[in-house]
Structure formats: structure tokens, C-alpha cells
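>>> what's the 3D shape of this:
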Amino acid sequence: MAVELSEMIGRLRDELTVAMNSGDGAELRFELGSIELELTVAVTKEASPTAKVKFWLVEAGVDGKFSSAATQKIKLTLDPRRAGQLDRKPFVSGTEEPGER
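As a prediction, the model looks like this:
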């Protein structure tokens with residue numbers, strides 16, 4: 001099953017949110033720093049009047065589904081921030097600190 005790049009980033013966001021919430025009450029806390037992802041993606045374009053370019057993650061045993069697509073390696077660096085507090089990085093776990101939402 002192919003996964004679009006935007007869906008993968010959404011899943012990563014969900015997993016980080018779970019990690020943040022699962023550490024409630026823990027003494028040790030981690031500040032979430034930059035996240036670096038290196039991915040191999042297939043770039044496809046539909047041949048239609050409303051054609052869009054899509055980036056798909058390529059799995060390790062590709063079954064030939066993207067055999068006619070160009071594959072590229074891309075590196076993304078994400079710098080996560082909490083909505084409404086763009087100047088602060090979130091904590092991965094633990095209780096809420098004063099001023100943290």
C-alpha cells in the first residue's frame with residue numbers, strides 16, 4: 001500500500017502527540033528538537049487536465065507499482081512547535097509546565 005508524503009507527516013504528528021501525552025507524571029522530560037527524515041519517494045503525475053504531482057513513500061521491497069515513476073531521495077527537517085506558542089518547542093512527555101499548553 002502506497003502512502004502519500006502528507007499522510008506520513010500526519011501520522012508522525014499523531015505519534016509524537018501520543019508520546020507527549022503518554023509521559024504524564026514522569027519525572028524525566030525531553031524537549032522535542034528538530035526531526036530529520038530521509039525518505040525515498042516516487043514522484044508521479046497524472047495525465048489529466050487537473051493533473052497533480054504527488055510524492056509517495058517507497059517501501060523497501062517495491063513491487064513494481066512505481067516502476068514508471070521517478071524516485072528521489074529527499075531529506076526533511078521539521079522544527080515542531082505548539083499551535084499558539086510558536087516561540088516554544090513542546091516537551092515529549094511529562095506534566096504541563098506553567099505557560100505551556
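>>> Poorly predicted segments of the chain, please.
For the chain, the stretches with pLDDT under 70 are 1, 46, 59-69, 93-101.
>>> Show me where it has its strands.
All strands of the chain, identified by DSSP state E, fall at 3-4, 35-45, 53-57, 70-78.
>>> Run through who's touching the third one.
Translated: strand 53-57. 2-5, 8, 39-46, 66, 69, 74 (C-beta atoms under 8 Å, 6 or more residues apart in numbering). All C-beta atoms are positioned from the backbone trio N, CA, C, and that covers glycine.
>>> Just the buried residues from those residues, in PyMOL please.
The following PyMOL line selects those of those that are buried, judged by 16 or more other C-beta atoms under 10 Å:
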select buried, resi 5+8+41+42+44+66
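>>> any idea how far residue 56 is from the residue of the chain positioned farthest from its centre?
Going by C-alpha atoms, centre = their mean, the residue of the chain most distant from its centre is residue 49, 29.9 Å out. The spacing between residue 49 and residue 56, counted by C-beta to C-beta, to the nearest Å, is 22 Å.
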